[in-house]
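> Whatever this is, show me its structure:
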Amino acid sequence: MSRHGTSLPEGPSPGAGAGRRLLSGALAVLAIEGLGLALTLGIQVLLARWLGTGGFGLFAYATSWLLTLTVVAKGGAEIASLRFVAAYSTTGEAAQLRGFLVWSLRRTALGALALSAVTAAVAWALPGVAPSLLPVLWVACCALPVDSLLEVLVAVGKGLGRSPLAQAVAQVARRVLFGGLLLVAVWVGWGVSASGAMGLYLVSGAVALVALGALLRRIVPPAAETALAGETTALGGETQVWRSTTGTLFLFVLAVALIQRLDTLFLGMLRDTTEAGLYSVASRLAGLALLGQAAINSLLAPELSRLATLGEHRELERAAIRGSRLAAVWSLALGLGFDLVGPRLLGLFGPEFVAGQPALLILLGGALVNAACGSVGHLLNMTGHSATALRWALAALGLAALLHLLLIPPLGHLGAATATALATTFWNLALLRRVRALLGVRSAAWSWEGASRAAGRG
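You can find the predicted model right below:
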């Protein structure tokens, strides 16, 4: 039975082979993510050399605030899109699909515009904001609506089964344009400042947003627009579901984003933006270790929603275990590689950045645990256990904040790395236990496939 009570068609299980599809699709997304991150690395090397340690620190600090505020502006619409777009596409509910898209994009746009205005005003009013930082923050506020809508559209593309397309536009095309604009600015003699670099980042995002929106508009079933006009009453009830679910997911995503960004933010507040810039490079390199898991998640999250809708719990477990194994192998290989060549890579940004090698190795340890545990957050959120995921995310956030306050003052960026790795490990191991207890599904890289208990409990 579907979630609306209609019978499923007879025949081969729609979930059959989900693990194989996941792994083959992940390779394509992995290649796109790898290219996007390679472009990011190249751009950051150029920016670090052109702007210097201080200017790059301003750009990195403003970018961290932009990424954090983007999570607030989206209000959970990104992860909700993974769930609802995939579910409505599976059940063929065209009116609900179109209605959700209109509701989520409108909500995101209005929220981002309001938050952008408030943040710009607060940055101007606060007496402690450095004059050199203020214009960079203002440009970042202008980029906030663009980045928020772009990330929601990427999630919509994933839900529609077009993850490689969406990722290619957001991860590759945007960075190619951003890097090209930077090179042109330097070539014509305009020079590059921290605020100017942020402005070019804004322009590249706006172009990517328009391009991806036009592409996805062609993919959404045309019948959905017609169906929407005749089912306004039914969609009124759906809106309540969207609102309540998105609220819980928003709090979860916000907690996760804060866990990931507290290190740089606390470094900027408790030490200085120069050390925050140094640490951000090590943090970005460590993030490469999670590239495999990011590729898996971009395909696994909507697949979880589909498999949950269809009741294919065994295929769900197979996909989760195979995904975590692929992510763990990738993370381990990169970790060993960075142990050998990390100083050389950090040195590309400038000789002062080599001091981030110990922090890089600490972060890689936490990243390996994260990858090996699997997509435990998505497993809970896509199967109706988002409240449980939220509780443990808040617990990990509190632990991370406490550890940062204790470790950053005496240890600097090493304390930030240690706090992040410990909080991440605690959170993933806790969610791994809850997934096993609530769903009867194994997701860790060391699990045996097909050994789960009856799924769907709790």
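> Could you check how far residue 405 is from residue 379?
From residue 405 across to residue 379, the span is 31 Å (Cβ to Cβ, to the nearest Å). Just so you know, the C-beta spots here come from the backbone N, C-alpha and C atoms, and that holds for glycine as well.
> More neighbours: which of these two?
Shown here are residue 405 and residue 379; by other Cβ atoms under 10 Å, residue 379 has more neighbours (27 against 14).
> how far away is the more buried one from residue 87?
Counting by Cβ to Cβ, the separation of residue 379 from residue 87 is 15 Å.
> for residue 375, same thing?
From residue 375 across to residue 87, the span is 17 Å (Cβ to Cβ).
> next one: residue 312
Applying Cβ to Cβ to residue 312 and residue 87 gives a distance of 13 Å.
> Repeat that for residue 38.
34 Å.
> which residues sit in contact with the nearest residue to residue 339 once chain neighbours are set aside?
Closest residue to residue 339 apart from its sequence neighbours, by Cβ to Cβ, 6 or more residues apart in numbering: residue 361 at 6.5 Å. Listed by Cβ atoms under 8 Å, 6 or more residues apart in numbering, the contact partners of residue 361 are 335, 338-339, 342.
> and which of these is nearest residue 383?
Distance to residue 383 across these (Cβ to Cβ) is lowest for residue 335, with 30.4 Å.
> hang on, that closest one packs against residue 370?
No - assessed by Cβ atoms under 8 Å, residue 335 is found out of contact with residue 370, at 11.8 Å.
> so what's the residue lying closest to residue 387 once chain neighbours are set aside up against?
Leaving aside its chain neighbours, residue 387 sits nearest to residue 248 (6.1 Å; criterion: Cβ to Cβ, 6+ apart). Counting by Cβ under 8 Å, 6+ apart, residue 248 touches 76, 386-387, 390.
> any idea where the strands of the protein begin and end?
Along the chain, no stretch is classed among the strands by DSSP state E.
> which stretches of the chain have low pLDDT?
Where the chain drops to pLDDT under 70, the residues are 1-26, 221-237, 290-292, 449-458.
> Regarding it, what is its longest helix?
helix 18-74 (DSSP state H).
> can you pull the buried residues of stretch 177-196?
177-179, 181-182, 185, 192-196 (16 or more other Cβ atoms under 10 Å).
> Using a markdown table, lay out those residues together with distance to residue 34.
Below are the buried residues of stretch 177-196 laid out as a markdown table (distance: Cβ to Cβ, whole Å):
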| residue | distance to residue 34 |
| --- | --- |
| 177 | 19 |
| 178 | 17 |
| 179 | 16 |
| 181 | 22 |
| 182 | 21 |
| 185 | 27 |
| 192 | 26 |
| 193 | 30 |
| 194 | 27 |
| 195 | 30 |
| 196 | 28 |
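> Please look at residue 421 and residue 359 and confirm they touch.
No - counting by Cβ under 8 Å, residue 421 sits too far from residue 359 to count as a contact (9.6 Å).
> For these two, work out which one has more neighbours and name it.
Shown here are residue 421 and residue 359; by other Cβ under 10 Å, residue 359 has more neighbours (28 against 24).
> That one against residue 416, yeah?
Yes - with contact defined as Cβ under 8 Å, residue 359 and residue 416 form a contacting pair (7.2 Å).
> any idea how far the spatially closest residue to residue 164 that is not a sequence neighbour lies from residue 89?
Spatial nearest neighbour of residue 164, excluding adjacent residues (Cβ to Cβ, 6+ apart): residue 28 at 4.9 Å. The gap separating residue 28 from residue 89 is 19 Å, by Cβ to Cβ.
> Setting aside sequence neighbours, what's the nearest residue to residue 369?
The spatial neighbour of residue 369 that comes closest, neighbours along the chain excluded (Cβ to Cβ, 6+ apart), is residue 425 at 4.7 Å.
> you'd agree that neighbour is up against residue 366?
Yes - taking Cβ under 8 Å as the definition, residue 425 is a contact partner of residue 366 at 5.7 Å.
> Neighbour count for these two, which is higher?
A count of neighbours by other Cβ under 10 Å puts residue 366 above the other of residue 425 and residue 366, at 24 against 18.
> thought the more buried one was touching residue 424?
Yes - using Cβ under 8 Å, residue 366 makes contact with residue 424 at a distance of 4.3 Å.
> Next up, the contacts around residue 304.
Neighbours of residue 304 in contact, by Cβ under 8 Å, 6+ apart: 316, 319, 375, 378-379, 382-383.
> One more pass at 6 Å, please.
Contact analysis of residue 304 by Cβ atoms under 6 Å, 6 or more residues apart in numbering lists 378, 382.
> Could you report the distance from it to residue 205?
Distance from residue 304 to residue 205, by Cβ to Cβ: 28 Å.
> thinking again about what came up before, distance-wise, check the residue nearest to residue 369 relative to residue 434.
Relative to residue 434, and taking Cβ to Cβ, residue 425 is found at 15 Å.
> Please write out the alpha-carbon positions of stretch 424-433 in PDB.
Extracted in PDB, the C-alpha atoms of stretch 424-433 (Å, rounded to 0.1, in the frame of the first residue of the first chain):
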ATOM      1  CA  THR A 424      31.100  14.300  15.300                       C
ATOM      2  CA  THR A 425      32.200  10.900  16.600                       C
ATOM      3  CA  PHE A 426      29.700  11.100  19.500                       C
ATOM      4  CA  TRP A 427      26.800  12.100  17.200                       C
ATOM      5  CA  ASN A 428      27.400   9.500  14.600                       C
ATOM      6  CA  LEU A 429      27.800   6.600  17.000                       C
ATOM      7  CA  ALA A 430      24.600   7.700  18.900                       C
ATOM      8  CA  LEU A 431      22.500   7.900  15.700                       C
ATOM      9  CA  LEU A 432      23.900   4.500  14.600                       C
ATOM     10  CA  ARG A 433      22.500   2.900  17.700                       C
END
